[in-house]
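In: Provided below for reference: sequence and predicted model.
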Amino acid sequence: MKNLTWIICLLALASCKKNDSADVPIPSNRYSDAKGTWIKVDSTQWYLTRLYNGGMVHVKLNGTTNADKIVIRTSGDGVSNDNLLPLDANKGFSTDVVNSFSVSSVQTGSFVSSTRLVAYRGTDTLTVTLTSGPLKY
């Protein structure tokens, strides 16, 4: 009986696994170009909210850059907008924006969303595309 108890305990421990969460930041990613402009994205989090019959795709991100200014490209029902991200004294940025929205309906099934960060440094421009993992309403 004692051996059976130990076997059950060992099986219970062996069957445990870490619960992965979508809220866990991604590892640091650094993007750069030949002219030396760079963006380092420390974390991104994609999440969904419902709005009446439609829905919104949000992206929360933070990071740093050596650029003079940085914008995030968002869209709503197909209309593209560039939103300036404020930079702190260390050229860090942190934002939580609606990346895209649909007023009348949400996508069915699994889908992927993306956005672009555009960094401007002098006459140089660096564009980085960030892509979500699978999303589903």
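Out: Now that the structure is in, tell me what you want to look at.
In: Now that Lys91 has come up, it's in contact with Thr65, right?
Out: Yes - using CB atoms under 8 Å, Lys91 is in contact with Thr65, at 5.4 Å. Quick note: C-beta positions are derived from backbone N, CA and C, even for glycine.
In: So between the two, which is more surrounded?
Out: Thr65 (26 against 17; other CB atoms under 10 Å).
In: For that one, list each beta-bridge partner.
Out: Beta-bridge partners of Thr65, counted by DSSP bridges, are Ile39.
In: what do you get for Val71?
Out: With DSSP bridges as the rule, Val71 is bridged to Leu84, Val118.
In: where's it relative to Asp77, distance?
Out: Here Val71 is placed at a distance of 20 Å from Asp77 (CB to CB, to the nearest Å).
In: Let me know how buried the closest residue to Asp33 other than its chain neighbours is, in neighbour terms.
Out: Among residues not flanking Asp33 along the chain, Leu126 sits closest, at 4.9 Å (CB to CB, 6 or more residues apart in numbering). By other CB under 10 Å, 22 other residues sit near Leu126.
In: Asp96 now?
Out: 11.
In: where do the helices sit along the protein?
Out: 2-15 (DSSP state H).
In: More neighbours: Val71 and Asp77, which one.
Out: Neighbour totals were compared for Val71 and Asp77, and Val71 leads with 17 against 10 (other CB under 10 Å).
In: Cool, thanks, signing off.
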